[in-house]
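Engineer: Attaching a predicted model along with its sequence, questions to come.
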Amino acid sequence: MSSIYQKITEIENGNQKAALCTIVSTKGSAPRKTGAKMLVYADGRLEGTIGGGALEKKVTEQALEALRNNAPTMVVHHLVSELAMCCGGTVQLFIEPIMNRKKLYIFGAGHTGKALAGFAAALDFNVTLVDDRYDTLENTVLPDCTVMHEHHTHAITQLPFDEHTFIVILTYTHANDREILALVSQKQHGYIGMIGSERKVLVARKNLVASNMMNEAELDAIDMPIGIDIRAITPQEIAISILAKLIDVRNTQTA
């Protein structure tokens, strides 16, 4: 049987929405004591318990409201006067929506791609690095990252896409970049960015529109050239400029 902490990890790494309700203090008689936890899923399902009865029903309603507002809240319930429960005590709870970790798919395991993967994993992105080159990935060690040695067209069919998916495109050829962009733009996503100079972006736009792979409106939604302008030069600096943009988008979406 999975612990509530395993369930929290599953929620963070998946696409389910849920709020964690934790008893932070009690006074007098209460059905559960400080530290008791309950998960409330967006569909009303419960995992764990804070004591059942009218208290649990009320807190479930408040947890669903916290999910709708995407904001944590502290609540206090007087069990006799407010909820007509026999216990007679007071219970204080902290209700917090669990944030889904953003999945970051990096296409291209060159110097910048590897640097970005390492930096992003350290900042709580769920990172997958994709490249089809044996020599590039042969000795790659990136703790907390998934490395896929696959051609991008195959990888895209295997990877899950949803509103929490961030995509960064920086492969070794412009043609690959354009093909990946056209394919992933049709998938559900939260963000797509592609590396390149202003000229590369202009040429990519013209080619994609001329080949009917993407239209102007779809291209306008893509962040390219990707990254915040910090006059980056080295691969590591470029990776930091990209990561800064990813953090900005992530925090804006969860604000």
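Structural biologist: Right, received. Where do you want to start? It should be emphasised that the depicted structure is a prediction, and the values quoted were computed from it without experimental measurement.
Engineer: use CA for all of it now, contacts and neighbours both
Structural biologist: Will do.
Engineer: Helices of the chain, start to end?
Structural biologist: With DSSP state H, the ranges of helices along the chain come out as 4-13, 53-69, 111-122, 134-137, 152-158, 174-184, 198-210, 216-220, 235-254.
Engineer: what packs against the first one?
Structural biologist: Think helix 4-13. Here helix 4-13 touches strand 37-41, going by 3 or more C-alpha pairs under 8 Å, 6 or more residues apart in numbering; DSSP states H and E.
Engineer: rerun at 7 Å
Structural biologist: Here helix 4-13 touches no other helix or strand, going by 3 or more C-alpha pairs under 7 Å, 6 or more residues apart in numbering; DSSP states H and E.
Engineer: between the helices of the chain, which one is nearest to L93?
Structural biologist: Comparing the helices of the chain against L93 with C-alpha to C-alpha, the closest turns out to be helix 53-69 (8.5 Å).
Engineer: Buried ones in that closest one, by neighbour count?
Structural biologist: By 16 or more other C-alpha atoms under 10 Å, the buried positions in helix 53-69 come out as 55-56, 59-60, 62-67.
Engineer: now that helix: mean pLDDT?
Structural biologist: For helix 53-69, mean pLDDT rounds to 93.
Engineer: got CSV for the buried residues of helix 53-69, with distance to T22 too?
Structural biologist: Compiled in CSV, those are given as follows (distance: C-alpha to C-alpha, whole Å):
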residue, distance to T22
L55, 13
E56, 12
V59, 10
T60, 12
Q62, 13
A63, 11
L64, 14
E65, 16
A66, 14
L67, 15
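Engineer: State which strand of the protein is the longest.
Structural biologist: strand 18-27 (DSSP state E).
Engineer: So for that strand, what gets flagged as buried?
Structural biologist: Result for strand 18-27 [16+ other C-alpha under 10 Å]: buried residues 18-24, 26.
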